[in-house]
Each structure stands twice: as structure tokens, then as C-alpha cells.
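# Got a sequence here, can you build the structure:
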Amino acid sequence: MHRSAIALVTFALFPALISFGIVPFFGVLDIEGISPWTYAYLAIFYAPIILATLAFVAIRQRSTAYDMTMGSRLNLYLLAALSAIYLAVSAYDIVSNQNILTLGISGSWKASTDAGARNSIPGAIIMLLSGAPTFLFCAALFNDGSWGSKRLLMLLASLMLGASLACMLLLSSRNSAFICLVYICVVLALKALHQLGRMSLKFPFGRAATTFVAVVICFAVLMGFSLWIFVDRAIVTYGSIDLALDGFFLNYKVHPTVAVPSSETGKKIFYALAQLEFYITHSVGYFSDYFNRDYCPAGSGANSFYGAFRIIDFLFGTDFVQTAVSRMILPGVYLSLPGFLYLDFCQTGMVAGWVMGVATVLTVAGVFRGDPALIFLAAFLLCMFTFAPFYSLPSTGNGFSLMMFAIGSSMSRILSVKMRPEEPPSDSLFLRSGPSSV
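Numbering: from 1, shown residues only. This next block holds a predicted model:
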């Protein structure tokens, strides 16, 4: 099996292995009551993406060698305009509605949580357009000069991306920031694996490698910020770290497997790490409650595709989202993508997972076979499985917006193709024998 196929499968499944198979048994928290049926359901859910990848690797074909050319400049102008609208509305929301300047980040988050969903026009615009700066940045990565100066476009895209990350953090949307950075990494990985365009992976000479390292650094900074937010929110909510630890163990019904440090600093570090572990693993525990109780609410799909149903509720005055949330055993918690599909469709939710897994492999294969317009959709589908152990990507943060932009980019042909005669490198998704197929 070629390394590209191994990399794709590993990338999609490694977070699931960490969340479902390693951390629950070797972490600092004791998570009890996980039903064997939960693991059986998860194994069946993830099986198709593995089998589909192996099937396509077994097909002895060549991947098509090609370079990138850019589509219409109208796409660039549209992405830039939508990014500017998103940043303007976010800035207005931060200053006027969230009162961050007065309450601070954690105080604003607590006030928003207590107030509940606003269903406001600024909130709807932010939800719909939050993926625009990310897509503008990804499009700039593929600029071959036909969209103007490479450096100027990259500078503009980088500034807008940085501003959007700042807005996400100020709006307490760390998930959106993580999704944004992971999505960019996946786009870069897809581009690099098949050498679409001119990219060098030897840091610091290659633009792709430089961008990748910069994104990883941003990811590390964001992780540190998230750990700090865990502690800061706890102190804002409970008043002290001791009360926060007591509340954490009581409310989440978990127990430490190691001794809690006695010093103030040690308690804060322990609390941050415990929250991180709980964040990674809690979905499987809460999901297992539905198997333990033999309960499936069979919703309308609003759990798995929250963003789409929020829009439907906003436009037509329906209450799909509220009804779906009210039927949960513990409303407001993440249950992973397979968990939410189970809530919406019971056991048939596995079928939806199979369709998603096969569609992911087919879309990635399409990129390798000579359709670069699919690269953004392929990246989204891979990200969907990457975040699947934690939450449903179309229902979280900027996931719905990224999905809409990904689908739109594949339909608008934002990227086009220029074939090249030379052989691609040996590290390809497909085995090589026989004539090249275009």
C-alpha cells in the first residue's frame, strides 16, 4: 500500500483511536459505564472508509499528473468581499452585543451561555460567512499569478485569516479556530501528496512547508490559549479553583485516577489537563448512555446538521433544533458524529456514516484523478472524519459555513487543471501499472 493511502486513512482514524481507544483507559480521569455496543457501533461506522480506501488502493491505476491554474477572478473578489462582511459583522458583534470590552472573554461567554441562543441577524451572518476567510487563504495558496501578485494576495488573505481567528477567539469559538487551522493543513496535505502545482516540502524553502509550520505554530498557541480559557472560565463560574474541581467531578460524574496536586498552580494545571481529557473523551461516555438505556429519540436530523436546521427554523419559524435538543438525555453536550447520527436516525445512522465514508474516498480519489476543483470538498470530508470523535462538523462552529463553501467551490470550478506529461512521484494514492488515465 502506498504511503499516501496510509497517510489518509491514518489521518482520518487517528483522532478516533485517541478519543475512543487510548485516552479513556490511560488518562487521569476514570470514565465508567461504556457499553460494548457503543464500540461495536463505532467499529461498524468507521469500517466503510477503511474498506473503500483499501479497495481503491487495490485498483491498479495511475494518478493523473497536472498543475493548477486559477478560475475566474470573480471568485476571488467574491471571497474577499464575503470575508470583509464577516469581519465587519463579527467586530460589531464583539463590541456591541457581546460586551467583551466590559466583561472580558470568559465573562462574555458566561453571559451568552446564560442568555441562550439569540437567533439574531448578526449571528446568522457569522454562521454563514465564517468560512470565507479560510477559503480565501486556501485559494491564495493555489495562486499561480493569474490572480495578480502572489505576495499581495497572500498578505491580504493572511491578514483576513488572522483577523478571523482573533474574532473566533474573542467570540469564545475555539472550535471554529481549530477547525479552520486543521482544514488548512488538510488542504496543504492533499496538495502536497500529489504535488499539485509547484510545492517544495523542504522547510524553509518551500511555501507549503513554511505555511504548514506557521499553521502548526498557530495551532500550538491556540491549544495553550484553550487551556488557559478552561481555567479562567472555571474561576469566573465557581469563584476558585478548588470549587471548580469539586464542581467538575460532581457535575461530570468522573473521578481522578491520580492524586490532585495541593498547590494552587498544580491544581490549575491539573484542571486544564482534566478538562482537555474530558473534552476529548466525553462524547463516547455520553453516547454510551443511549445504549445503556436503550433509548433513541429519532430526531429530524437537526443534531447532525444543526446549522442547516437553524436556518430553517430562522426562516420558517419552526422548532426543529429545540425539539431535537430537548430529546437528548443531557442537552448541550457533544456526542460525536456517529453519536448524533444515532440520535437522529437510530441504528440506520450507520448507513449515513457508510455513505459519508465512501463519499470521502471517492472525492479524494477524484482529486488524484485530475479534478482539482474537488480538493476543498475532499478536505472538508476528511476534516469531518477527523473531528467525528468529538462532534459533528456541519453542526459545530464554522463547520456549516465551510461545508457550504466547499460544495460551492466544487460547483463553481474555482480551480481548473492543466495537464503535464511527466510522471508523478511514486508516493501516490494509486498503484501504477498500465497506461495513464485522464
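
# now the residue nearest the centre of the chain: how far from Asn303?
Central residue of the chain (Cα atoms, centre = their mean): Ile179, 3.7 Å from the mean position. Using Cβ to Cβ, to the nearest Å, Ile179 is found at 18 Å from Asn303. In short, each C-beta sits where N, CA and C put it, glycine included.

# Could you list every helix and strand that the helix or strand containing Ala308 packs against?
Per DSSP states H and E: Ala308 is located in helix 306-316. Counting contacts by 3 or more Cβ pairs under 8 Å, 6 or more residues apart in numbering; DSSP states H and E, helix 306-316 packs against helix 121-129, helix 320-326, helix 399-412.

# would you turn these into CSV with mean neighbour count and distance to Pro15?
Converted to CSV, those look like this (neighbours: other Cβ atoms under 10 Å; distance: least, Cβ to Cβ, whole Å):
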stretch, mean neighbour count, distance to Pro15
helix 121-129, 18, 24
helix 320-326, 18, 25
helix 399-412, 21, 15
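
# closest to Leu245 out of these?
helix 320-326 (28.3 Å; Cβ to Cβ).

# Contacts for that closest one, please.
297, 299-300, 302-303, 306, 309-310, 312-313, 331-332, 343-344 (Cβ atoms under 8 Å, 6 or more residues apart in numbering).

# swap the cut-off to 10 Å and go again
117, 119, 297-314, 319, 331-332, 340, 343-344, 395 (Cβ atoms under 10 Å, 6 or more residues apart in numbering).

# number of nearby residues for Ala234?
22 (other Cβ atoms under 10 Å).

# what's the answer for Leu193, then?
24.

# That one contacts Val367, doesn't it?
Yes - applying Cβ atoms under 10 Å, one finds Leu193 in contact with Val367, separated by 9.2 Å.

# Point out where the stretch 251-400 of the chain drops to low pLDDT.
Filtered on pLDDT under 70, the stretch 251-400 of the chain yields the residue ranges 370.

# which stretches of the stretch 301-438 of the chain form strands?
415-419 (DSSP state E, counting those that start in this stretch).

# Sketch out the strands for the stretch 1-150 of the chain, chain order is fine.
Using DSSP E, counting those that start in this stretch, strands in the stretch 1-150 of the chain cover 29-30, 66-70.

# Of those strands, which shows the lowest average pLDDT?
Ranked on mean pLDDT, the bottom entry among the strands of the stretch 1-150 of the chain is strand 66-70, at a mean of 54.

# Who are the contact partners of the closest residue to Trp37 other than its chain neighbours?
Spatial nearest neighbour of Trp37, chain neighbours left out: Phe291 (4.5 Å); criterion: Cβ to Cβ, 6 or more residues apart in numbering. Contacts of Phe291 were listed using Cβ under 10 Å, 6+ apart, and they are Gly33, Ile34, Ser35, Pro36, Trp37, Thr38, Tyr39, Ala40, Tyr41, Tyr342.
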